[in-house]
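Chemist: whatever this is, show me its structure:
(one chain, ligands or ions: 1)
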Amino acid sequence: MANAAVSIVKVTDIYESLKESLRLSDGLAGLNINDRILIKPNIVSWDFDLPYPPFGVVTTSTVIEALVRILAENGFKDLTIGEGALPGLSSKWDAVCETLGYTKLQVRYGVKLVDFNKGEFLAVDYGDGFKLDIAKQSLEADKIINLPVLKTHNQAKVSLGIKNLKGCLNKKSKQACHGVDAEELSLTFPRIIEKLPVALTIIDGLYTIEKGPGHTGKAFRKDLLITSRDPFACDLVGAEILGYPAKEVAHLSNYAKRHGYSLELADYEIKGESVADHREFVTYDWEWTEDDTGPVGFKKRGITGLAIRKYDSSLCTGCSVEFNPMLILFGSAFKGKPFPKVELVSGKQQKASAGFDNSVFFGKCACHSNKDNPNVTKAIPIWGCPPDLEKLVEVLAKEGIECDFKEYVRFRHYLFDRYKKEEGFDLADWTVSR
Ligand code: SF4
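Modeler: This is a model prediction of the structure:
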């Protein structure tokens, strides 16, 4: 019971509920009013071109606003919001800050807004050969308040506070976290926090999402805040609420082993609501066929002649966010006839197998690792890191596989529109009130 308490609060009024969660967890106890405080939300991606439902994907601005207001009322003056989203978003960082209302917080409270991707990264040696390039602004903060979303992750099962810190790395180190063997995802990213001054974790559970971390999964309204000064305890409780005991989550087990934590919920002090009252299993992964030829939906549609191998943990976020759209595009090319013996592999370790006439390599890693693969009859490399979807359509068209990009656009509208009928899904949660 030596760990700091974890509070679980049902959200009624966000400002009041956050105050209550901080009171119960003694959340501000580790902060000094002169501290340079970095608030780290989760803004993994945003899209200005096609409809983008942020439910359960991006930290809500209403929680950020409430936090900044509470900090200001308690005398904290040196506040920064910092994130290192997918590199493609860097040119739109100002627009993202405007859309999410952060610029209002800048005017009202003097909050600094930092895109890590535009700043300096320092090489940090963890002392045992493990090295990462970490955003200087996050290393130089006196304290970090980590504000992840309560969500599932199709590779890591859950993506909570410890995972959210991956946004403090540069592109190279983010990719390196998706390595193989000793550099496997569940062993690498839990180490980032060891060099960061995380003083408080607040899991934004206004919404959650199945088959996360991106917007292609289905979101649910949850209305919870989970808060603790202990980042592991906070994640353990968040994982339990999503239906995953910590011992079933590899990165939490690895972290616990390394830092001497218990994996038993009973060993942690929980204040406010009980886990049992809010625990609800949320599916983390997409269902694949038993013979690994594609999502079960493809089989149901009668798609044959095509084997899209399931992504593994070496596929990093850049390719991962393109994977579902790629499936939609392949699905759009199916006109009732079998595909011409096509296999698609991705990530850093998948190898094309024998028996296919066409081997598609999705992303530069798969292109490189299959360069000399004797199984390949005809290589169809989709270069890029991550590959560009329009390019994919163009390359496949040359091979007689006619994908319809409009189908992907329709899919994006479907993803967005399905929340319009649902009660409680409010895009105003990603704006700042005044
Ligand atoms: S090609 Fe894909 S898997 Fe490889 S480094 Fe780039 S984003 Fe990661």
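Chemist: C-alpha only now, for contacts and for neighbours.
Modeler: Will do.
Chemist: wait, residue 434 touches residue 104, no?
Modeler: Yes. Between residue 434 and residue 104 there is a contact at 7.3 Å, judged by Cα atoms under 8 Å.
Chemist: neighbour count for the two, which is higher?
Modeler: Taking neighbours as other Cα atoms under 10 Å, residue 434 and residue 104 compare with residue 104 leading, 18 against 7.
Chemist: roughly how far is the helix or strand hosting that one from the heart of the chain?
Modeler: Here residue 104 sits within helix 102-109, counting by DSSP states H and E. Relative to the centre of its chain, helix 102-109 is centred 25 Å away, using Cα atoms, centre = their mean, to the nearest Å.
Chemist: show me what residue of the stretch 251-400 of the chain gets nearest to the ligand.
Modeler: Using Cα to the nearest ligand atom, residue 385 is the residue of the stretch 251-400 of the chain that sits closest to the ligand, at 3.6 Å.
Chemist: now do the same contact list for that residue.
Modeler: 318-319, 363-364 (Cα atoms under 8 Å, 6 or more residues apart in numbering).
Chemist: okay, now the domains of the chain?
Modeler: Domain segmentation of the chain under automatic domain parsing yields 6-284, 296-403.
Chemist: out of these, deepest packed?
Modeler: Most buried of the domains of the chain, by mean neighbour count (mean count of other Cα atoms under 10 Å): domain 6-284, with a mean of 20.
Chemist: can you tell me which residues in the stretch 101-250 of the chain are near the ligand?
Modeler: residue 175 (Cα under 6 Å from any ligand atom).
Chemist: what do you get if the cut-off is 8 Å, keeping everything else the same?
Modeler: 172, 175-176, 178 (Cα under 8 Å from any ligand atom).
Chemist: tell me which two of those residues sit farthest apart.
Modeler: 172 and 178 (10.3 Å; Cα to Cα).
Chemist: overlap of the contact sets of the two?
Modeler: Joint contacts of residue 172 and residue 178 (Cα under 8 Å, 6+ apart) do not exist.
Chemist: write out the residues of the stretch 301-434 of the chain neighbouring the ligand.
Modeler: Near the ligand, when you scan the stretch 301-434 of the chain using Cα under 8 Å from any ligand atom, you find 314-320, 346-348, 362-366, 383-387.
Chemist: same thing but at 5 Å, please
Modeler: 315-316, 318-319, 347, 363-365, 385-386 (Cα under 5 Å from any ligand atom).
Chemist: for the helix or strand just after the helix holding residue 104, packing partners?
Modeler: Sequence-wise, the next helix or strand downstream of helix 102-109 (DSSP H and E) is strand 112-115. Counting contacts by 3 or more Cα pairs under 8 Å, 6 or more residues apart in numbering; DSSP states H and E, strand 112-115 packs against strand 79-83, helix 102-109.
Chemist: now render those as CSV, adding mean pLDDT and distance to residue 340.
Modeler: Formatted as CSV, those follow (pLDDT from 0 to 100; distance: least, Cα to Cα, whole Å):
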stretch, mean pLDDT, distance to residue 340
strand 79-83, 98, 43
helix 102-109, 98, 50
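Chemist: now do the SS call for residue 56.
Modeler: Three-state assignment for residue 56 (DSSP: H, G, I helix; E, B strand; the rest coil): coil.
Chemist: hang on, I meant residue 285
Modeler: coil.
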